[in-house]
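Student: Give the three-dimensional model of this entry:
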Amino acid sequence: MVSFSVEFDNRQRYVLGDSAMHRMAQSYVFLSGLGGLGVEIAKNIVLAGVKAVTLHDTKQCETWDLGTNFFIREEDVLSQRKRVEAVHPRVAELNPYVQVGKSSCVLDENTDLSFLRTYQCVILTEASLSLQKKINNFCHSQSPPIKFISCDVFGVCARVFCDFGDAFEVSDPTGEEPKQVFIQNITQDNPGVVMCMDNRTHGLQTGQSVLFREVYGMTELNGTCRQVTVLTPYSFTIGDTSGMQAYAHGGFFVQVKIPQTCCFVSEQPSLFVCISQPCFVCFSPKVPLQIHATLLALDSFQQQHHRLPNTGGSQFDSVARLQVGRCPCARQVSIDQDLVRTLSRTAGGCLAPLCAAVGGIASQEVLKALTGKFTPLQQWVSEAVLVLLCLAAEEFFPKGDRYDALRACIGDTMCHKLHRLRVFMVGCGAIGCEMLKNFALLGVGLADHSGEVGHITDPDLIEKSNLNRQFLFRPHHIQKPKSTTAAAATQDINPQLQIDAHLNKVCPATESIYNDRFYSRLHVVVTALDNVEARRYVDSRIVSNQKPLLDSGTMGTKGHTEVIVPNLTESYNSHRDPPEEEIPFCTLKSFPAVTEHTIQWARDKFESAFSHKPSIYNMFWQTHSSAESVLERMKARESLEGSFQVIKLLSRRPTHWEHCVTLARIKFDKYFKRKALQLLHSFPLDTRLKDGSLFWQSPKRPPSPIEFDLKDPLHYSFVVSAARLFAEIYNISYSEKVSRYIGALSLKMKKKIVPVLVVFFTDEMAKKPDQTKLSVSSEEEREAIAQLERAICTQAITPDWLRMTPILFEKDDDSNGHMDFVASASALRARMYSIEAADRLKTKRIAGKIIPAIATATASVAGLVAVELIKVVGGYGFESFKNCFFNLAIPVVVLTEPANVKRTRIRDNISFSIWDRWTIQEFFFLSVLCTHTQGGYLTGLTFFQEKYGIEPTMVVHGVKMLYVPVMPGHSKRLKLTMQKLVKPSTERYVDLTVSFAPELEGDEDLPGPPVRYCFSGDKPEDRA
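Tutor: Numbers count the residues shown, from 1 in each chain. Below is the predicted model of the structure:
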């Protein structure tokens, strides 16, 4: 079987799976047309890892290409190189495992197409409609059919067409991992109804099939596959179960992926079939039909005039109206005059972000064609991303520079706004690299226009696993900073860009760098982050500083974008996803039910034994000078936090490699034999609950003790990997001599384990206790003192003995033994509980919390963000902005308007939104902010009463309550200045939270907007 690079394709394997990766690695692809769209597709499929790609193009490099093709340089234009000659070496270096060929032969209606038989997929861009039809017919007629894809970008409009033959089999329509759902009950009926346990949703659709396992009572279902009819999110029917035995308990089901067959027709007959696929402006089914019909009219114009409409002109308008009127689709939709005018003026241009978005979609269709993974597009998708503002025709005329293709789409004025833009981008990973490429092509932040992509920041270094989607990086960049490397690569695309690269996190600790003055210079902030907390922090800063934010993210083939505009939209923090469901402590510790539980248990064991305990050990001995002093204090009955755990580690500290092997072998018996015996001793198999039901029933599984077997590879792997890690934390040299030590140990450890009564957690709400703070008995205390005395007497406790080396879990280095330990421990735990063990790939994904990623989704999401950037810069109205969610696997794209900013009412004439802030720039005593009465008389009007007619009831700074009338002593604070009460930050202001008295007595206090108190330079003396 053909192999691929495990390290290079690390994240993509979790999207496609090894089977699809192997099929892809045997595939040959032909790609014609290396304009902005073609080079995007070339990048994506080479990064994906096909076996070979032939790049075809006959055109010569022009200045125009510099604004659309990120692999063409100024020297290529000056030397009049062919596009394929310039692009080929730069595409080839993206992935050393892909063979990249080139061709500049003529490809037209007279070309013999027999050479295409060597390819599994053919992709056309920038080809005439007649050539598309001819090549499509040839591909469709082959046996097996050659998969055919054509796509084009005309200004701000685009389309994609797919034909994979008469009977294309899809092995996995969605790519979603089937869920294992436990069963509450199955009725004996026709039809039988299955109820999910604990009101867990099944996530099924009518017509899908499920496989039953481990059902007690109605055992006839075990191992059978049944088609379902959904009743509710928690129940479904499975056909006649009336003749089966009665359901007793237990069991679970998993969805079975049934291959589907898709039928395609060639381009000629499908041209006039009304499309049904969604597009990026799909709020009504009429929209894609209008775009499709208008693009068909453009094809007719090209066939008639042998060219595209002149940039900025309107000669296409009348032809378009005539052709659209003739199209069968026109019977269902009216002609969209704005769309016709937009296409007429921009068709000769090329919007680079649209190339990125469509290139991602088309590239994913290529991968579907080659692998049979995911549902293919059937068959057309047409898109339009911008409607032009009213601009003079001269705005679109070319000037002979690299921005002519962009100028033809958005006008010269908008180009200059982009050039003057000052952007702050946080994160230079996969999305960050794609965004920087878009910035370069758009000319965002040019030095000679006082613009700046400034700044970009990312603290991370480049790893090999980054290379298959972070396309600005190459193998020689590994272990170099992402931000500075990405900046240099971006300036290679467009030397006019001004980029200031930082290596900082954006967080409270760096607010002295990324302060208000920094944000005041910016026009927009773009996030390319991989975690929610970082997004929330950046969002809080842009709201505070009134700046637009463009956020995005991907997970596998899924992607989302969000546009946040001051005073128009809600912010990122305005909505919160439900918290991720945690596995109960008792489940992890004693009652695992599914593979995920065993993997998390193994990961926790790694963290506890090799990171947490060594860290506690080091902290303890940094606090306490010597073992002797600790012994004296313990004998004096002093309580030293963590001492019992530390003394246990000290007394059992190994000194040689053989001791590490012994320790690992003891751990094997503890984890996989003694624990099972203890559980079965405490809860025998026939144990029943108060209601008479069995204790050991689904989802609880009774454990089976495992006897160590040196010949079992899994047993051996656990002991060796654990011994290596123990050696590392205790700074002991590692040796390959293991087998004879383990064999000798096994003979010594034949002593029968006698279980004792142990208390086990069964409450799912119970939390894991802190071992360092657990109370200990007098006997345990005496034993700890005795252990420490023996250690002092028998060992020379040197400073080295009081140090350990904590290990940070590193999932991507297979040579360090980390994943060997987690994978073997998890698999043994699964075997002990009769759970189907996960393979190493799945174990690594769950243990390492790896987010699946693929270049296609990354390219699309960055393209969509760049389109919204243009709208923000252009001052488009609220209704023009679009948030997006897509899943390229299905494929589906959903666009929605951002949430409109909400206003909170304080009184009839007073309200505020998240973007509002009340600022006080005068010197005040606290008494001037807050109402204060003495003897029933008001001593003075507050600032808020005077300005807004409302009375504050509480003033808070962070977590500190500055003034609450009912709090003792707070009335004295009214005589103090704000500077006395609150230490000013470097910004010379503080943000206060103030609540106000309700209109009706007894109602809750009313919230208000943040109140920013600015400290004055001149302050009177504080009053006594």
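
Student: all contacts plus neighbour counts: C-alpha atoms, from now on.
Tutor: Fine.

Student: Where do the strands of the stretch 851-1000 of the chain begin and end?
Tutor: For the stretch 851-1000 of the chain, strands defined by DSSP state E, counting those that start in this stretch occupy the ranges 883-887, 892-896, 904-907, 910-912, 918-920, 933-934, 937-938, 952-957, 960-963, 989-996.

Student: Just list whatever residues bridge to the closest residue to residue 547 other than its chain neighbours.
Tutor: Distances taken as Cα to Cα, 6 or more residues apart in numbering put residue 524 closest to residue 547, at 5.9 Å, once the chain neighbours are dropped. Assessed by DSSP bridges, residue 524 has beta-bridge partners residue 423.

Student: so what pLDDT did residue 524 get?
Tutor: The model reports residue 524 with a pLDDT of 97.

Student: Dump the strands of the stretch 851-1000 of the chain to TSV, plus distance to residue 533.
Tutor: Below are those laid out as TSV (distance: least, Cα to Cα, whole Å):
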stretch	distance to residue 533
strand 883-887	20
strand 892-896	24
strand 904-907	25
strand 910-912	26
strand 918-920	27
strand 933-934	43
strand 937-938	45
strand 952-957	22
strand 960-963	23
strand 989-996	21
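
Student: Let's have the ones you listed in CSV, adding mean neighbour count, distance to residue 127 and mean pLDDT.
Tutor: Listed next are the strands of the stretch 851-1000 of the chain as CSV, based on neighbours: other Cα atoms under 10 Å; distance: least, Cα to Cα, whole Å; pLDDT from 0 to 100:
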stretch, mean neighbour count, distance to residue 127, mean pLDDT
strand 883-887, 21, 28, 95
strand 892-896, 17, 26, 91
strand 904-907, 16, 55, 85
strand 910-912, 15, 55, 89
strand 918-920, 14, 59, 84
strand 933-934, 10, 82, 44
strand 937-938, 9, 82, 33
strand 952-957, 19, 64, 85
strand 960-963, 17, 67, 83
strand 989-996, 20, 59, 86
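
Student: Touching, the residue nearest to residue 547 and residue 548? I think so.
Tutor: Yes - the pair residue 524 / residue 548 is scored as a contact, 5.1 Å apart, by Cα atoms under 8 Å.

Student: any shared contact partners between those two?
Tutor: Residues within reach of residue 524 and of residue 548 at once, by Cα atoms under 8 Å, 6 or more residues apart in numbering: there are none.

Student: doesn't residue 538 fall inside a helix?
Tutor: Yes - assessed by DSSP: H, G, I helix; E, B strand; the rest coil, residue 538 belongs to a helix.

Student: how deep is the residue nearest to residue 547 tucked in, by neighbour count?
Tutor: Using other Cα atoms under 10 Å, the number of residues around residue 524 comes to 23.

Student: likewise residue 250?
Tutor: 22.

Student: Skipping adjacent residues, who's closest to it in space?
Tutor: residue 698 is the one closest to residue 250 (Cα to Cα, 6+ apart), at 4.3 Å.

Student: Figure out the helix or strand that the one you found lives in.
Tutor: Here residue 698 sits in a region with no helix or strand, counting by DSSP states H and E.

Student: residue boundaries of the helices in the stretch 51-200 of the chain?
Tutor: Applying DSSP state H, counting those that start in this stretch to the stretch 51-200 of the chain gives helices spanning 74-78, 83-92, 129-141.

Student: lowest-confidence stretch among the ones you listed?
Tutor: When I compare the helices of the stretch 51-200 of the chain, helix 129-141 is least confident, with a mean of 94.

Student: low-scoring stretches of the stretch 151-300 of the chain, by residue?
Tutor: 267-286 (pLDDT under 70).

Student: could the helices of the stretch 51-200 of the chain be laid out in JSON lines, adding mean neighbour count?
Tutor: Conversion of the helices of the stretch 51-200 of the chain to JSON lines gives the following (neighbours: other Cα atoms under 10 Å):
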{"stretch": "helix 74-78", "mean neighbour count": "16"}
{"stretch": "helix 83-92", "mean neighbour count": "20"}
{"stretch": "helix 129-141", "mean neighbour count": "19"}
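
Student: nearest to residue 990, of the ones you listed?
Tutor: helix 74-78 (50.6 Å; Cα to Cα).

Student: Only the C-alpha atoms, please, for that closest one, written as PDB.
Tutor: Presented in PDB, the C-alpha positions along helix 74-78 are these (Å, rounded to 0.1, in the frame of the first residue of the first chain):
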ATOM      1  CA  GLU A  74       8.000  40.900 -10.200                       C
ATOM      2  CA  GLU A  75      11.100  39.300 -11.800                       C
ATOM      3  CA  ASP A  76       8.800  36.700 -13.500                       C
ATOM      4  CA  VAL A  77       6.900  39.600 -15.200                       C
ATOM      5  CA  LEU A  78      10.100  41.400 -16.100                       C
END
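
Student: ok, and what's touching it?
Tutor: Everything outside helix 74-78 that qualifies as a contact, by Cα under 8 Å, 6+ apart, is 61, 62, 63, 66, 86.

Student: and of these, the nearest to residue 159?
Tutor: Nearest to residue 159 among the contacts of helix 74-78, with distances taken as Cα to Cα, is residue 66, at 22.8 Å.

Student: Quick one: residues contacting the closest one.
Tutor: Residue 66 sits in contact with 72, 73, 74, 402, 403, 441, where contact means Cα under 8 Å, 6+ apart.

Student: rerun that using 6 Å as the cut-off
Tutor: residue 402 (Cα atoms under 6 Å, 6 or more residues apart in numbering).

Student: Counting neighbours, what do you get for residue 689?
Tutor: Residue 689: 9 neighbours (other Cα under 10 Å).

Student: ugh, wrong one, residue 799
Tutor: Applying other Cα under 10 Å, I find that residue 799 has 10 neighbouring residues.

Student: ok, it to residue 206 distance?
Tutor: Taking Cα to Cα, to the nearest Å as the measure, residue 799 falls 67 Å from residue 206.

Student: again with residue 419
Tutor: 53 Å.

Student: So between the two, which is more surrounded?
Tutor: Under the criterion of other Cα under 10 Å, the comparison of residue 419 against residue 206 puts residue 419 first, with 24 against 12.
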